[in-house]
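Participant: sequence first, then the predicted structure, then my questions.
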Amino acid sequence: MSPLSSFSVAIALLLLAHLCESSPYKNQDSGSLNEHDENSQRVFDIVVHGILLWASMGFLIPLGILVIRVSSCTSEFQPSRHKKVFYVHALLQVLSVLLVTVGAILSIRNFENAFNNTHQRLGLALYAAIYMQLILGFKRPKRGTRARSAWYLLHWLLGTITCLVGVLNIYTGLQAYHIRTSTNTRFYTIIFTAQLSFMVILYLFQDKWDYILRQGMPPGVVGSYGNNDIPLPITLSQQVEDDQVKDSFNEPSMKSNALGTHFSRTNVLNKLFQLT
């Protein structure tokens, strides 16, 4: 299990434990339970709705962005590895859409959808954006076509906005839950902020991963992390070839110096014979 998955499981367990402690069914006699049965069921529906939408917009969608970011920032992956990463990204996004669908059905059936507050309005816009993003994902043009650039820009822009607005709507949902039930939501806010900060740190770290690897290369190694991501050291055979090339450039100058010395000696001898 990855560190991010372990961290998320721990958050879910903490949330469930806290919800059990603050459950409206605890320490109530039969009379008060019957009296507040309807209100308790509504609170329970709100909690389930919040967990579903947190799992979708607060965890799976950002995790899918992190996964596809690994594929785009790390050049050492083979094409088959890139394909597997893409399928993981697609699977995470499809799961998030399924959870959003369940949460939307729950809210339509059990809540008063007057859309008179920020949380409900943002939620309605997010539902439309998520389904539009799903359609864009299945209508992906082939590489090398003119439509691919426009599709990529729209897909990236819509995904980024959906992720940011989804995170914002989780905070507005916590505030609405506090207003509706008078429950202190500071614990949930701190936990979600910690999880979000951890994912942002991972996003920034993997963006600089290749650069960090290049900083660890020794000074005598010449190479770059390009398409193959393979360092290219200077070998002994390359050094011998370089020396041979240098010798070939120096050879004409050495020959010219030898010829000049020969002709100068010949001229001196001719002058001596003439004098005698």
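Facilitator: In hand now; what should we look at?
Participant: which residues of the stretch 1-150 of the chain score low on pLDDT?
Facilitator: 1-36, 73-79 (pLDDT under 70).
Participant: where along it do the helices fall?
Facilitator: Taking DSSP state H, counting those that start in this stretch, the helices of the stretch 1-150 of the chain run over residues 3-21, 30-35, 37-53, 61-73, 79-110, 118-138, 146-181.
Participant: can you put those in JSON lines and add distance to Y188 and mean neighbour count?
Facilitator: C-beta here means a position set from N, CA and C on the backbone, and glycine is covered the same way. As requested, the helices of the stretch 1-150 of the chain are arranged in JSON lines below (distance: least, CB to CB, whole Å; neighbours: other CB atoms under 10 Å):
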{"stretch": "helix 3-21", "distance to Y188": "7", "mean neighbour count": "13"}
{"stretch": "helix 30-35", "distance to Y188": "25", "mean neighbour count": "10"}
{"stretch": "helix 37-53", "distance to Y188": "8", "mean neighbour count": "17"}
{"stretch": "helix 61-73", "distance to Y188": "17", "mean neighbour count": "19"}
{"stretch": "helix 79-110", "distance to Y188": "16", "mean neighbour count": "16"}
{"stretch": "helix 118-138", "distance to Y188": "14", "mean neighbour count": "16"}
{"stretch": "helix 146-181", "distance to Y188": "6", "mean neighbour count": "15"}
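Participant: among those helices, which comes closest to F187?
Facilitator: helix 3-21 (5.9 Å; CB to CB).
Participant: quick one: which of the helices of the stretch 1-150 of the chain is nearest Q206?
Facilitator: helix 61-73 (5.6 Å).
Participant: show me the strands in the stretch 151-276 of the chain, by range?
Facilitator: Secondary structure of the stretch 151-276 of the chain (DSSP state E, counting those that start in this stretch): no strands located.
Participant: quick check, A55 in contact with L99.
Facilitator: Yes: judged on CB atoms under 8 Å, A55 makes contact with L99 at a distance of 5.4 Å.
Participant: let me see the contact set for N113.
Facilitator: N113 makes contact with S107, Q120, according to CB atoms under 8 Å, 6 or more residues apart in numbering.
Participant: the residue lying closest to H155 once chain neighbours are set aside and Y152, how far apart?
Facilitator: Residue nearest to H155 in three dimensions, not counting chain neighbours: L136, with 5.2 Å by CB to CB, 6 or more residues apart in numbering. For L136, the distance to Y152 equals 10 Å [CB to CB, to the nearest Å].
Participant: can you check K142 too?
Facilitator: 12 Å.
Participant: next, count neighbours for N117.
Facilitator: Applying other CB atoms under 10 Å, we find 13 residues neighbouring N117.
Participant: what's the answer for Q195, then?
Facilitator: Q195, neighbours per other CB under 10 Å, totals 19.
Participant: isn't it right next to L63, touching?
Facilitator: No: Q195 lies out of contact with L63 (CB under 8 Å); the separation is 10.5 Å.
Participant: and the helices of the stretch 1-150 of the chain: which comes nearest I191?
Facilitator: helix 3-21 (5.6 Å).
Participant: got a list of what A125 touches?
Facilitator: Counting by CB under 8 Å, 6+ apart, A125 touches V165.
Participant: what sits closest to I170 if chain neighbours are left out?
Facilitator: G58 (5.0 Å).
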